[in-house]
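J.: A structural model of the following input is requested.
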Amino acid sequence: MYKILVADDEVIERNYLTQFIDGTDDYGVVASAGDGQSAVELALLHRPDLAILDIRMPLLDGLQAAERIKHRLPRTVVVLNSAYAEFEFAQKAIRYGVDAYLVKPSSDDEILSVLTACLPPAKTRGPDESRSPSLMESFPGKALEDFRRSMQVKDLLLFERSLEAISDFLTKSQPLETYRIHVVNIVFTMERICFEDPLFRDVPGNATQDLLVRSIASASDILKIQNLARSYIAELQSSASILLQDSVPPTQRIAAYLDEHFREKITPGSLGKIVFLSADHIQRIFRRETGQSIAQYLRTKRLAEAKRLLSQSNMTIQDIAESCGFGSLSSFYKAFRKALLCTPVQYRGQNPR
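T.: So this is what the prediction gives:
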């Protein structure tokens with residue numbers, strides 16, 4: 001069972017959160033506090049898995065408490081419990097390490113939705129308890145983790161796939177308020193991931209998130225929220241993809257392009273569009289850094305695929321030559337014989353399915 005800390009200066013809200021969380025199977029409140037200073041002290045004492053902090057609290061506000069808890073307990077998930085009107089704190093919350101938002105007033109489903117998104121239950125519930133798993137599964141947690149990973153390793157393909165998965169989530173049917181809080185936390189998480197890397201800190205822009213969240217808060221239907229989120233993702237994709245591409249060395253970008261397009265006709269012009277360099281310069285840096293020419297790299301990729309198809313398919317030799325990117329059957333035979341000292345027909349006979 002996950003340990004939860006609740007901090008709110010309003011007794012009714014604090015008791016409501018405590019009673020609801022204690023009534024779940026996967027989460028339990030280990031301590032509650034009425035001010036930010038007590039919240040920090042109790043967090044250090046109990047080391048909770050997650051802390052829910054109200055923004056408006058005496059002694060220390062929720063942001064100050066979040067900063068101190070995250071400094072001492074970086075693995076503790078911190079969720080700010082705030083009204084939509086308080087989202088002007090969003091950028092500061094990112095800097096202080098806040099992980100997610102819970103919006104007042106919150107329904108049981110919304111509370112459980114945020115909890116399961118941050119701390120997925122370890123066990124599977126029975127068929128009559130489908131609410132929690134459905135909420136957890138609807139949140140695109142894996143896509144957001146892929147988004148984080150793509151930023152860390154500068155992987156443009158993973159970046160594109162993660163955004164595609166997040167965009168797919170936006171088409172799912174959900175209750176309006178659950179959909180709203182999910183989208184708020186998607187935007188917040190993506191902004192926080194960008195902030196963690198100086199290269200992407202201003203993508204899509206410091207003022208964007210606060211304005212977007214306020215617009216989401218005032219939207220009267222799912223379609224409006226969906227359009228706002230899609231516009232945000234499109235803006236982020238446009239600016240971040242350029243930075244990702246520029247951050248990857250030219251040779252690595254060329255190799256990735258060749259790996260994906262080796263079956264096609266590759267021209268100096270097509271490679272020039274990838275790295276914006278002259279054909280001669282592309283050839284020089286590729287040979288210098290890989291020890292082989294682009295033609296040799298392509299030939300190796302094409303022959304490897306040809307060998308796979310010869311041994312694992314019933315395709316004709318002609319079809320294999322074409323599908324692997326060889327310009328003609330004779331050029332395929334010539335390259336194959338030179339590299340493997342046998343013909344494609346002989347290789348297939350030596351490596352039957």
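J.: give me the contacts around stretch 144-164.
T.: For stretch 144-164, contacts defined as CB atoms under 8 Å, 6 or more residues apart in numbering pick out 143, 165-166, 186, 189-190, 193-194, 196-197, 200, 233, 236-237, 240-241, 244-245, 247-248, 256. Heads up, the C-betas are built off the backbone N, CA and C, glycines and all.
J.: for the protein, which spans come out with low pLDDT?
T.: Applying pLDDT under 70 to the chain flags the ranges 83-96, 105, 121-138, 201-211, 245-248, 273-276, 353.
J.: check which helix or strand covers the residue nearest the centre of it.
T.: Closest to where the C-alpha atoms of the chain average out (CA atoms, centre = their mean) is residue 147, at 2.1 Å. Per DSSP states H and E: residue 147 is located in helix 141-153.
J.: after that helix comes which helix or strand?
T.: helix 156-169.
J.: in whichever strand or helix holds residue 227, which residues are buried?
T.: Using DSSP H and E, residue 227 sits in helix 222-247. Across helix 222-247, burial judged by 16 or more other CB atoms under 10 Å covers 222, 225-226, 228-229, 232-233, 236-237, 239-240, 243-244.
J.: could you give the separation of that helix from the chain centroid?
T.: 13 Å (CA atoms, centre = their mean, to the nearest Å).
J.: helices or strands next to it in the packing?
T.: For helix 222-247, the packing partners by 3 or more CB pairs under 8 Å, 6 or more residues apart in numbering; DSSP states H and E come out as helix 141-153, helix 156-169, helix 176-196, helix 208-218.
J.: switch the cut-off to 6 Å
T.: helix 156-169, helix 176-196, helix 208-218 (3 or more CB pairs under 6 Å, 6 or more residues apart in numbering; DSSP states H and E).
J.: what does stretch 299-313 rub up against?
T.: 262, 315, 320, 324-325, 335, 339, 344, 347-348, 351 (CB atoms under 6 Å, 6 or more residues apart in numbering).
J.: how about a markdown table for those residues, with secondary structure added?
T.: A markdown table is the format used below for the contacts of stretch 299-313 (DSSP: H, G, I helix; E, B strand; the rest coil):
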| residue | secondary structure |
| --- | --- |
| 262 | coil |
| 315 | coil |
| 320 | helix |
| 324 | coil |
| 325 | coil |
| 335 | helix |
| 339 | helix |
| 344 | helix |
| 347 | helix |
| 348 | helix |
| 351 | coil |
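J.: out of the residues you listed, which end up buried?
T.: Applying 16+ other CB under 10 Å to the contacts of stretch 299-313 flags 262, 320, 324-325, 335, 344, 347-348 as buried.
J.: which ones are touching residue 262?
T.: Contacts of residue 262 (CB under 6 Å, 6+ apart): 298, 301-302, 325.
J.: mind listing which of the residues you listed are in strands?
T.: Among those, none falls in strands (DSSP state E).
J.: can you turn the buried part of those into a ChimeraX selection?
T.: A single ChimeraX command selects the buried members of the contacts of residue 262 (16+ other CB under 10 Å):
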select :298,301,302,325
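J.: relative to residue 106, which of the contacts of residue 262 is nearest.
T.: Of all the contacts of residue 262, residue 106 sits closest to residue 301, with 53.4 Å by CB to CB.
J.: after the helix holding residue 227, next one along is what?
T.: helix 250-261.
J.: mind giving me the packing neighbours of that next one?
T.: helix 268-275, helix 279-290.
J.: which one is residue 117 nearest to, not counting chain neighbours?
T.: Excluding the flanking residues, the one nearest residue 117 by CB to CB, 6 or more residues apart in numbering is residue 139, at 4.2 Å.
J.: what about that neighbour, distance to residue 145?
T.: 11 Å (CB to CB, to the nearest Å).
J.: between these two, point out the one with more neighbours.
T.: Using other CB atoms under 10 Å, the more surrounded residue of residue 139 and residue 145 is residue 139, with 23 against 13.
J.: is it true that that one touches residue 115?
T.: No: counting by CB atoms under 6 Å, residue 139 does not reach residue 115; the two are 10.7 Å apart.
J.: how far away is the closest residue to residue 232 other than its chain neighbours from residue 299?
T.: Among residues not flanking residue 232 along the chain, residue 212 sits closest, at 5.6 Å (CB to CB, 6+ apart). For residue 212, the distance to residue 299 equals 49 Å [CB to CB].
J.: look at those two and report which has more neighbours.
T.: Taking other CB under 10 Å, residue 212 and residue 299 do not tie; residue 212 has more neighbours (23 against 20).
J.: and the gap between the more buried one and residue 235?
T.: Taking CB to CB as the measure, residue 212 falls 10 Å from residue 235.
J.: residue 244 too?
T.: On the measure of CB to CB, residue 244 and residue 235 end up 15 Å apart.
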